[in-house]
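A.B. asks: Below is the sequence, then the predicted model.
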Amino acid sequence: KTIAVVGCPFSGGQPKLGVDKGPIHLVEAGLITRLEELGWRVLFDGHHQFEEISAASDPPIGKLQNPRHVSRVCESVAEVVGAHVRNGQLPVTLGGDHSLAMGTISGTLSSYPDACVIWVDAHADINTAETTSSGNIHGMPVSFLLGLGEKIPEYAWVKPLLRPERLVYIGLRDLDAGEKRILRENNIKAFSMHEVDKYGIGRVVDMALDHVNPNRDLPIHLSFDVDALDPSVAPSTGTPVRGGLTFREGHYICEAIHETGLLVALDLMEVNPSLADPESVRQTVAVGCSLVCSALGE
Ligand SMILES: N[C@](CCCC[B-](O)(O)O)(CCN1CCC(O)CC1)C(=O)O
Ligand SMILES: [Mn+2]
Ligand SMILES: [Mn+2]
Ligand SMILES: [Mn+2]
């Protein structure tokens, strides 16, 4: 099978400079060669240029920051990822901030409507325009994918293709009040760090899969935010939160998902190579590469 590496140098979903440089660092760390060494054919259709998409003027809509730019970029990503999936390739999207998952998961679901989503993150990224306090759209992609909250004309292209019972979280530990309410109201399954401690990562992954993929017959889209890992493991990221997944727990999730043989798309998000000292940046990039390779059979 062929992997399509989709470099998405995009930072509009959040305020910190540098996360748009994530893809180039991941590729320059040798990710493509490592994937080829695993036996994959790898297509790298380059780092997408999004500057031309950026709206001339993009004033906030309510609290939402860079709303038109984020929407246009995500719509473009949905088309790119959807095309790769339709061509029978496995898209590996390198971020860039997590707002991009609005595009990647839309792309996957357009071809695999019954796909399930495993969202590995310290955060739920499920704020609506009403519940967000920051207005940073990287904290909102899941709400758009589920069709929650007030409709925003600029986001009319996002179809509510994701069903709550097809979504499961691993690694949560920093949720806004509105997000906790949304998870409860929609019966969304979440394995926080408390459950990871209580049951161990092995049981958590089994339970997560039992919830969204009970017969192990549905395609899996894995959306991995490196801030799910403990900041000691992946320090160079925009919204670090203490008490995260260990290096091994992060890798176990990826290895276990590979073992299902059901992975159809992968996102590796929020590596920001400008937020730490060179050694910490190198470490974060190396972990990102390693997680991708583990999800693909290493
Ligand atoms: N939920 C946050 C963080 C989103 C992180 C997105 B990512 O893709 O990295 O998972 C946090 C908002 N929170 C509000 C209260 C403040 O004290 C701290 C930040 C938000 O900005 O909505
Ligand atoms: Mn995230
Ligand atoms: Mn996060
Ligand atoms: Mn983040």
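C.D. replies: Looks like it arrived, so ask away. Ligands and ions are numbered 1, 2, ... in the order given.
A.B. asks: In a strand, Asn216, correct?
C.D. replies: That one is not Asn; residue 216 is Arg. No - read with DSSP: H, G, I helix; E, B strand; the rest coil, Arg216 is coil and lies in no strand.
A.B. asks: Report the beta-bridge partners for the nearest residue to Asp121 once chain neighbours are set aside.
C.D. replies: Excluding the flanking residues, the one nearest Asp121 by CB to CB, 6 or more residues apart in numbering is Asp225, at 4.0 Å. C-beta: built from backbone N, CA, C; applies to glycine. Under the criterion DSSP bridges, Asp225 forms beta bridges with Met269.
A.B. asks: so how far is Gln14 from Asp225?
C.D. replies: To Gln14, Asp225 is 11 Å away according to CB to CB, to the nearest Å.
A.B. asks: more neighbours, these two?
C.D. replies: Counted by other CB atoms under 10 Å, Asp225 and Gln14 do not tie: Asp225 has more neighbours, with 27 against 24.
A.B. asks: So that one sits against Ile118, correct?
C.D. replies: No - shown here, Asp225 and Ile118 do not form a contact pair, counting by CB atoms under 8 Å, at 11.7 Å.
A.B. asks: Write out the residues of the stretch 151-298 of the chain neighbouring ligand 4.
C.D. replies: Asp227, Gly238, Thr239, Glu270 (CB under 5 Å from the ion).
A.B. asks: SS state for Leu222?
C.D. replies: Taking three-state DSSP, the label given to Leu222 is strand.
A.B. asks: was I right about it contacting Cys254?
C.D. replies: Yes - shown here, Leu222 and Cys254 form a contact pair, counting by CB under 8 Å, at 7.4 Å.
A.B. asks: the helices in the stretch 1-150 of the chain, which residues?
C.D. replies: Taking DSSP state H, counting those that start in this stretch as the criterion, the stretch 1-150 of the chain carries its helices at 22-28, 31-37, 67-86, 101-111, 141-146.
A.B. asks: Among those, which comes closest to Ala122?
C.D. replies: Closest of the helices of the stretch 1-150 of the chain to Ala122 is helix 141-146, at 13.8 Å (criterion: CB to CB).
A.B. asks: Let's test this: mean pLDDT of that closest one, rounded?
C.D. replies: Predicted confidence along helix 141-146 averages 98 (mean pLDDT).
A.B. asks: Get me the contact residues on the protein for ligand 2.
C.D. replies: So the chain meets ligand 2 at His98, Asp121, Asp125, Asp225 (CB under 5 Å from the ion).
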